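[1] this is a predicted model, with the sequence first.
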Amino acid sequence: MSTEPLTRQTRTDPEPQEAARRVLAASERDLQRLVLDMHDGPVQYLFAAVSQLQTAASRLRPNSESRRRVRRGLRLLEQALQEIRDLIGGLRPPGFERRPVAELIEGLAVQHETMTGQAIEIAIEPDVGDCALAAKIALYRIVQEALANGYRHGRASRQRLELRRTGPALELTVSDDGRGFDAKRVLLAEQEVGVEGGHFGLRGIQDRVAVLAGTFAVESAPGRGTKLTVTVPCT
Ligand SMILES: Nc1ncnc2c1ncn2[C@@H]1O[C@H](COP(=O)(O)OP(=O)(O)OP(=O)(O)O)[C@@H](O)[C@H]1O
Ligand SMILES: [Mg+2]
């Protein structure tokens with residue numbers, strides 16, 4: 001029998017909240033890796049294809065059917081490139097570590113206005129302070145999704161974004177006067193199908209909020225606009 005003293009292996013489990021925060025920051029890193037991969041891979045191939053086809057088109061007989069077809073193909077490739085560029089632009093980190101939360105969110109709303117031509121009423125309290133990285137990332141991605149939903153699905157004529165401090169948390173409201181939807185039915189359906197159903201947006205918002213122990217509410221009804229309210233601890 002061994003006489004060696006038994007050593008007890010103790011492991012200090014990380015605080016669940018702490019672990020979840022790290023997961024959030026890590027998923028943002030994965031996203032940025034994906035952005036880089038898209039930029040360095042498919043985008044470069046598409047650029048090269050556009051340039052090859054431009055040369056080929058210039059050598060084809062003017063007004064020939066072949067030249068028309070190559071030009072049509074070129075326009076489609078250019079459209080694909082533009083769409084990928086817009087997507088990459090929206091995913092790129094806006095300086096999470098460096099910029100305070102209010103500035104990040106305001107910048108995002110202005111960017112959304114520029115991209116969509118849709119005016120947003122922005123009401124951000126002057127002294128909301130700043131949050132830890134995970135909360136900032138969560139709030140930013142939530143605003144991005146909520147504004148996109150209002151524009152894509154709501155076809156709203158007005159969108160409004162509010163940010164205010166309520167004690168140790170920030171309360172964010174994104175609302176629109178658009179078509180609205182049956183929120184109860186959609187949330188229930190998303191719960192059942194999970195991410196395999198093809199709609200990630202509202203599910204993702206709820207997950208981000210849950211990880212940070214915040215709150216989530218959506219008020220909407222067909223024809224009556226939509227109002228999303230989340231609170232996220234922000235210290
Ligand atoms: N502001 C809104 N106005 C009207 N309908 C909305 C609004 N937000 C969400 N919806 C409805 O709820 C559904 C679910 O939204 P969700 O963001 O979860 O998924 P999605 O936008 O369809 O897809 P994804 O976000 O994954 O690209 C939408 O398809 C739409 O019918
Ligand atoms: Mg969505």
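    Cool, got the structure. Ligands and ions are numbered 1, 2, ... in the order given.
[2] buried residues in stretch 121-137?
    122, 124, 128, 131, 134-137 (16 or more other C-beta atoms under 10 Å). (Each C-beta comes from the backbone N, C-alpha and C, glycine too.)
[3] mind checking the longest helix of this protein?
    helix 65-91 (DSSP state H).
[4] quick one: that one near ligand 2?
    No: using C-beta under 5 Å from the ion, we find that helix 65-91 stays clear of ligand 2, coming within 12.5 Å at best.
[5] the closest residue to Met38 other than its chain neighbours: how many residues sit nearby?
    In space, and not counting its chain neighbours, Met38 is closest to Ile88: 6.0 Å by C-beta to C-beta, 6 or more residues apart in numbering. Other residues within reach of Ile88, judged by other C-beta atoms under 10 Å, total 15.
[6] would you map the helices across this structure?
    Per DSSP H, the chain carries helices over the ranges 16-40, 42-59, 65-91, 101-116, 133-149, 183-193, 201-211.
[7] most tightly packed of these?
    Ranked by mean neighbour count under mean count of other C-beta atoms under 10 Å, these are led by helix 133-149, which reaches a mean of 22.
[8] average model confidence for that one?
    Across helix 133-149, pLDDT averages out at 94.
[9] mean pLDDT for the helices of the chain: which is lowest?
    helix 16-40 (a mean of 74).
[10] and the residue in the chain positioned nearest to ligand 1, how far from ligand 2?
    Closest residue of the chain to ligand 1, C-beta to the nearest ligand atom: Gly201 (2.1 Å). Gly201 is 3 Å from ligand 2, where distance means C-beta to the ion, to the nearest Å.
[11] hmm, back to that, can you list the buried residues of stretch 121-137 in CSV and add distance to ligand 1?
    Shown next, in CSV, are those (distance: C-beta to the nearest ligand atom, whole Å):
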residue, distance to ligand 1
Ile122, 17
Ile124, 20
Val128, 24
Cys131, 23
Ala134, 21
Ala135, 21
Lys136, 21
Ile137, 17
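[12] which one is the residue most central in space within the chain nearest to, not counting chain neighbours?
    When C-alpha atoms, centre = their mean is applied to the chain, the residue found nearest the centroid is Arg141 (4.1 Å). Nearest non-adjacent residue to Arg141, counting by C-beta to C-beta, 6+ apart: Arg208, 6.5 Å away.
[13] same deal with Ile84?
    Using C-beta to C-beta, 6+ apart, the nearest residue to Ile84 is Val43, at 5.9 Å.
[14] just to check, the one you found is in contact with Asp86?
    No: Val43 is not in contact with Asp86 according to C-beta atoms under 8 Å; the separation is 11.9 Å.
[15] against which helices or strands is the longest helix of the chain packed?
    When contacts are defined as 3 or more C-beta pairs under 8 Å, 6 or more residues apart in numbering; DSSP states H and E, helix 65-91 sits against helix 16-40, helix 42-59, helix 101-116.
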